[in-house]
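1. coordinates only, sequence not included:
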């Protein structure tokens, strides 16, 4: 595992704290594919399983992460061959689809992946105002965790998404640990014991970033104001703007992202078709 961690550090530059989290929590349940030359690790890719909904049916889907080739072995088509082998393996194990967040979309297009989720970042600047009760995920009772988990899945279903991860309490427990490894937290908003929003917050940079925000459209402005209030900041970047895209205020600005957030393909080689996707997992 140490050679995998060494290449991860070289390729991605993540903190030791984050790598401790990933290799203790997610790597162990992932199917890891590697390529060696002279007993030295040349390339690697991790296929991490999640419970997801695809066209209303729950199934195991796998997120391809940690895709890296050591510098001296790059530009030899090693990764393409490794991923082709890995996808055949996952199909044999009954996995129907795999997805990833591409660094270079053209590389994955050649492997049959298609883009299904583009993101627009919203920057909110100004004074916050407390419109909702704010609670950290780890402060919630088991009942409230179950309540907001069901609420989040229902919101995604109501929006007509065809591909998304199940937001179960177990999923959110892991997201919270991952966010803490990135100096952030999982934050929930409530009104009269009813969920109003759930936000994935990262504080690695000077301006905090929200990697996922699920809320009620009619209360999106209240959510943003409460978020600024909670963060005690005069600015926040919301990487995923889906649920707040209709809010037009002079204290909001929008920045379209240059590449898709998510690409996917079927493992059996069937031509992938466009689907409505909502996936903002961090790794």
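-> Nice, thanks for sending it over. Computed from a prediction, not measured in an experiment: that's the story for all the values here. Residues are numbered from 1 along each chain as shown.

2. please enumerate the strands of the stretch 51-200 of the chain.
-> Applying DSSP state E, counting those that start in this stretch to the stretch 51-200 of the chain gives strands spanning 57-69, 97-100, 114-117, 120-125, 133-136, 163-165, 185-191, 194-202.

3. what number of residues lie near residue 193?
-> 9 (other Cβ atoms under 10 Å). Placement of C-beta: from N, CA and C, glycine included.

4. distance check, it against residue 147.
-> 8 Å (Cβ to Cβ, to the nearest Å).

5. repeat for residue 200
-> 18 Å.

6. three-state assignment of the nearest residue to residue 69 once chain neighbours are set aside?
-> Of all residues not flanking residue 69 in the chain, residue 43 sits nearest, at 4.4 Å (Cβ to Cβ, 6 or more residues apart in numbering). Following DSSP: H, G, I helix; E, B strand; the rest coil, residue 43 is assigned to strand.

7. please name the bridge partners of residue 43.
-> When assigned by DSSP bridges, residue 43 has beta-bridge partners residue 35, residue 69.

8. burial of it, as a residue count?
-> By other Cβ under 10 Å, the burial measure for residue 43, its neighbour count, is 23.

9. on that earlier part again, look at residue 200 and residue 147 and report which has more neighbours.
-> residue 200 (26 against 18).

10. which residues touch the more buried one?
-> 175, 179, 184, 186, 210-213, 280, 282 (Cβ atoms under 8 Å, 6 or more residues apart in numbering).

11. distance of it relative to residue 282?
-> From residue 200 over to residue 282 (counting by Cβ to Cβ), the distance is 8 Å.

12. quick check: neighbours shared by the two?
-> With Cβ under 8 Å, 6+ apart as the test, residue 200 and residue 282 both reach 175, 179, 211.

13. hang on, the last one in a strand?
-> Yes. Using three-state DSSP, the secondary structure at residue 211 is a strand.

14. give the contact list for the nearest residue to residue 160 once chain neighbours are set aside.
-> In space, and not counting its chain neighbours, residue 160 is closest to residue 276: 5.8 Å by Cβ to Cβ, 6+ apart. For residue 276, the contacting residues are 116, 159-163, by Cβ under 8 Å, 6+ apart.

15. would CSV of the residues you listed with distance to residue 222, pLDDT and neighbour count be doable?
-> As requested, the contacts of residue 276 are exported to CSV (distance: Cβ to Cβ, whole Å; pLDDT from 0 to 100; neighbours: other Cβ atoms under 10 Å):
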residue, distance to residue 222, pLDDT, neighbour count
116, 30, 97, 22
159, 19, 96, 14
160, 24, 97, 8
161, 23, 97, 18
162, 29, 97, 16
163, 29, 98, 21
